[in-house]
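Q: Sequence and predicted structure are below.
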Amino acid sequence: MDSKKELQSFFQESITPLREKWGDDFSIFVFCGAGLSKSSGLKTFRESGGLWEEYDVQEVCSIDGYNRNPALVQEFYNKRREQLKSVRPNSGHFALAELEKLFPKNFTLATQNVDDLHERAGSVNTYHLHGELRYAREVFGEKRRKQIGDIKKEEYNFWRPDIVWFGESVKYFNEVLELLEKSHLFISVGTSAEVYPAAGLIDHAIGMGIKTLNFNVEKSSKNFDKEVEGPSELTLPKFINIF
Ligand code: BJW
């Protein structure tokens, strides 16, 4: 893991000049994945022991799977929703909420996570690209959205989890792309960057030539300016303390 000294020198060499150059307009874009919530007790997807080892992704995460067996899909998401009640945000979520407080007008958090741990840690300007466990949407008609505890058995065929399944459009994508294009620092946290188009935000940031940092337990195949290897619940608070 990077020492605090190494992070400080990266900060001084790469971030301080940007803050001086852009002043009050200095803007930060944060992109998150399941690794951020892992130490809170929520499983990631593709790691060993992850959710896609336990469940058949095509059965629980596609409209075809839902049409074949709505009960299986609804029970998978009801269980995940239930699990939210017993978990808490970790120091990584709190560090991101702190960072937003420092730059309230120029901070975007685009998360792939469907849990509500960002909000519970105090994050405000959060875009859930892959939907939210706390919401359901109508299968037919107006496709209204509602906040839920659980989807009840009698609703299984009419209300579905407001989750982006494979082959479905990612939420807020054009909006966050526009915000990314106005940003000067890109921070990626806890994602394998395997799922597109969301992972394309990283490619876009690198292509734009803005400063890019990656917080993950393992090194990425992407060409970030700085890799901060280690659990983000430990590395993010150290980094945010330098601001
Ligand atoms: C730590 C840590 C610690 C551990 N600290 N780090 C071929 C090429 C390109 C694209 C495609 C393709 N074939 C198909 C596609 C498209 C497809 C896709 O990308 N598939 C790839 C998997 C191949 N994408 C889609 O279908 C998307 N939609 C789309 O493309 O629409 C097109 C369209 C066009 C026109 C009209 C309409 C549509 C939709 C994608 C939806 C993804 N949904 C899911 C499920 C959400 C619901 C649920 O939770 O059940 O979203 S899949 C799952 O993966 C979830 C996540 O948000 C997403 C990303 O995973 P994430 O967060 O990166 O987790 P992991 O497990 O992969 O990684 C964890 C990381 O944490 C690891 O790196 C660890 O090292 C790290 N870590 N502990 C820091 N303590």
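A: Right, received. Where do you want to start? In this text the structure is predicted, and so the values were computed from the model without any measurement.

Q: Got the domain ranges for this protein?
A: 1-41+88-129+170-243, 43-86+132-163 (automatic domain parsing).

Q: okay, those in a markdown table with mean neighbour count next?
A: All C-beta spots, glycine's among them, are computed from the backbone N, C-alpha and C. Compiled in a markdown table, those are given as follows (neighbours: other Cβ atoms under 10 Å):
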| stretch | mean neighbour count |
| --- | --- |
| domain 1-41+88-129+170-243 | 18 |
| domain 43-86+132-163 | 15 |
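
Q: nearest to the ligand, of the ones you listed?
A: Nearest of these to the ligand, taken as Cβ to the nearest ligand atom: domain 1-41+88-129+170-243 at 2.3 Å.

Q: avg pLDDT for the closest one?
A: Domain 1-41+88-129+170-243 shows a mean pLDDT of 96.

Q: Would you point out which residue is most central in the protein?
A: residue 111 (2.4 Å; Cα atoms, centre = their mean).

Q: Specify the beta-bridge partners of the closest residue to it other than its chain neighbours.
A: Setting aside the residues directly before and after it, residue 111 is nearest to residue 32 in space (Cβ to Cβ, 6 or more residues apart in numbering), at 4.3 Å. In this entry, residue 32 is beta-bridged to residue 111, residue 189, by DSSP bridges.

Q: Within range of the ligand, give me the residues from this protein.
A: 33-35, 38-39, 44-47, 50, 61, 112, 114, 130, 163-164, 166-170, 190-192, 194-197, 215-218, 231-233 (Cβ under 6 Å from any ligand atom).

Q: if we go to 5 Å?
A: 33-35, 38, 44-46, 112, 114, 130, 163-164, 166-167, 169, 190-192, 195-196, 216-218, 231-232 (Cβ under 5 Å from any ligand atom).
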